[in-house]
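Asker: fold the following and give me the result.
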Amino acid sequence: MSITDTVPTRYWQTLEDGRVQCDICPRHCRLGEGQRGLCFVRAREHDQIVLKTYGRSSGFCVDPIEKKPLNHFLPGTPVLSFGTAGCNLTCKFCQNWDISKSREIDTLADSASPQALARVAQQTECRSVAFTYNDPVIFFEYAIDVAQACHAVGVKTVAVTAGYISPQPRVEFFRHMDAANVDLKGFSEEFYHRLCTASLAAVLDTLSYIKHETDCWLEITTLLIPGENDSEQELHALSQWIFDQLGPDVPLHFTAFHPDYKMRDKSHTPHATLIKAHEIARTTGLSHVYVGNVRDPVRGSTYCAKCGERLIGRDGYVITDYKLDAGGGCRNCGTRLGGVFDTAPGHWGARRVPVRMAS
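Answerer: Below is the predicted model:
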């Protein structure tokens with residue numbers, strides 16, 4: 001198969017009225033011949049749902065793993081990152097809108113077969129490949145083929161996702177992922193409906209599934225938007241749900257919003273708001289809470305949940321201190337830190353290196 005071929009997909013059904021329903025996500029787009037789903041990349045052709053962007057990317061880049069953000073997964077190592085076009089959410093505050101909201105195939109200037117991508121990950125000494133920039137749920141088949149190629153050569157895989165995926169494909173998808181950072185956009189159905197045209201309940205189901213039914217390492221990110229999802233009441237509710245349903249050791253990242261896409265009228269998130277969110281989550285009982293998109297070495301570092309020792313010091317994306325033993329335990333008290341760790345941290349730092357590849 002050519003790497004730019006349109007490829008058949010799974011998870012769809014033909015309805016009694018003749019339309020074909022895509023079942024990859026809870027949106028369940030019902031399509032006539034030639035129509036595309038809201039995500040733009042899944043379409044009906046010849047009475048089936050096909051993926052239009054297999055093997056195509058908006059670009060490849062080597063990033064620090066902390067940028068995903070993942071703080072408990074191979075700290076300090078480089079990750080080969082890429083995305084495609086389109087998205088199955090309509091977030092008005094999207095921070096990658098030029099990619100995720102694109103309706104132009106020409107956006108996808110780069111291409112790579114799964115095997116070529118795995119080979120380049122090896123050549124650039126990346127420990128993992130991340131499906132990011134837009135949601136890998138919508139390029140499900142390509143993501144899984146890449147994951148299988150990566151695992152064949154010892155490279156791990158990371159999904160950066162909104163978690164808006166139907167139950168059946170969810171099982172197959174996360175079976176191939178070693179780590180995931182799920183964007184928990186807010187903590188009310190009203191927020192999800194008004195700003196994302198999606199459902200909070202579906203995302204919470206995905207979070208519970210990843211944590212309790214898979215071996216995929218899980219971290220969560222919430223982008224705090226002034227006046228939208230940053231009230232103390234909502235932050236308490238979000239933190240309490242994570243504590244009760246997922247446990248205290250799931251890392252939670254609060255990140256700063258910047259005005260973009262259809263919410264340019266909003267202000268940047270004040271650092272004080274991130275500090276308050278951090279305080280609320282920690283008071284609720286969460287052990288590992290971080291702030292991001294601002295410089296805050298104290299709240300960007302990792303601490304032992306038992307003795308309070310600083311286990312991984314960070315200044316932005318740079319590792320400044322590392323006090324984990326070979327088994328991922330605190331060198332001070334022996335308490336194991338949840339996550340995936342090497343015997344020593346990587347030293348990639350804050351570099352971001354674009355990569356061009358041949359298929």
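
Asker: next secondary structure element downstream of the longest strand along the chain?
Answerer: Assignment by DSSP state E gives strand 217-224 as the longest strand of the chain. Where DSSP states H and E defines the elements, the next helix or strand beyond strand 217-224 is helix 232-241.

Asker: what is the orientation angle of that next one with strand 217-224?
Answerer: Angle, helix 232-241 to strand 217-224, by axes from the mean of the first three to the mean of the last three Cα atoms, to 10 degrees: 180 degrees.

Asker: quick one: the strands in the stretch 151-300 of the chain, in order.
Answerer: Taking DSSP state E, counting those that start in this stretch to define them, one finds strands in the stretch 151-300 of the chain at 156-161, 179-183, 217-224, 252-256, 289-292.

Asker: what does the longest strand of the chain rub up against?
Answerer: Contacts to strand 217-224, defined as Cβ atoms under 8 Å, 6 or more residues apart in numbering, come from residues 69-73, 93, 95, 178-187, 207, 210-211, 229-230, 238, 242, 246, 250-257, 269, 273-274, 277, 292, 339-340. Glycine gets a C-beta too; all of them are placed from N, C-alpha and C.

Asker: can you list the strands that that strand pairs with?
Answerer: strand 179-183 (parallel), strand 252-256 (parallel) (DSSP bridges).

Asker: output the last one in PDB with nothing but the alpha carbons.
Answerer: Output of strand 252-256 as PDB, limited to C-alpha atoms (Å, rounded to 0.1, in the frame of the first residue of the first chain):
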ATOM      1  CA  LEU A 252      -2.500  16.100  37.300                       C
ATOM      2  CA  HIS A 253      -1.100  19.000  35.300                       C
ATOM      3  CA  PHE A 254      -2.700  22.400  35.400                       C
ATOM      4  CA  THR A 255      -1.500  24.500  32.400                       C
ATOM      5  CA  ALA A 256      -1.800  28.100  31.500                       C
END
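
Asker: what comes up buried for the longest strand of the chain?
Answerer: W217, L218, E219, I220, T221, T222, L223, L224 (16 or more other Cβ atoms under 10 Å).

Asker: re the thing from before, okay, the strands of the stretch 151-300 of the chain in a markdown table with mean pLDDT and distance to T283 next?
Answerer: Putting those into a markdown table (pLDDT from 0 to 100; distance: least, Cβ to Cβ, whole Å) gives the following:
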| stretch | mean pLDDT | distance to T283 |
| --- | --- | --- |
| strand 156-161 | 98 | 28 |
| strand 179-183 | 98 | 23 |
| strand 217-224 | 98 | 16 |
| strand 252-256 | 97 | 13 |
| strand 289-292 | 97 | 10 |
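
Asker: which one of the ones you listed is the most hemmed in?
Answerer: Counting by mean count of other Cβ atoms under 10 Å, strand 156-161 has the highest mean neighbour count of those, with a mean of 26.

Asker: how far off centre is that one?
Answerer: 6 Å (Cα atoms, centre = their mean, to the nearest Å).

Asker: burial count for T320?
Answerer: 13 (other Cβ atoms under 10 Å).

Asker: I figured it hits R314, correct?
Answerer: Yes. If you go by Cβ atoms under 8 Å, T320 and R314 touch, sitting 6.4 Å apart.

Asker: who touches both of these two?
Answerer: Here T320 and R314 have P297 as joint contacts, going by Cβ under 8 Å, 6+ apart.

Asker: so, low pLDDT: which residues of the stretch 101-250 of the chain?
Answerer: Scanning the stretch 101-250 of the chain with the threshold set as pLDDT under 70 gives 101-110.

Asker: could you pull out the helices for it?
Answerer: Applying DSSP state H, counting those that start in this stretch to the stretch 101-250 of the chain gives helices spanning 114-123, 140-152, 167-175, 189-191, 200-213, 232-241.

Asker: the ones you listed: which one's closest to A43?
Answerer: helix 140-152 (13.3 Å; Cβ to Cβ).

Asker: now the angle from the closest one to helix 114-123?
Answerer: Using the same axes, to 10 degrees: helix 140-152 against helix 114-123 is 50 degrees.

Asker: name the residues of helix 140-152 that are buried.
Answerer: F140, E141, Y142, A143, I144, D145, V146, A147, A149, C150.

Asker: residues touching Y209, list them.
Answerer: P167, R170, F174.

Asker: what about it, distance to A118?
Answerer: 27 Å (Cβ to Cβ, to the nearest Å).

Asker: for T14, same thing?
Answerer: 35 Å.

Asker: which one's more surrounded, those two?
Answerer: Comparing T14 with A118 by other Cβ under 10 Å, the one with more neighbours is A118, at 25 against 11.

Asker: what's the nearest residue to the more buried one if we skip its chain neighbours?
Answerer: With Cβ to Cβ, 6 or more residues apart in numbering as the criterion, A118 has its nearest non-adjacent residue at 4.1 Å, and that residue is A149.
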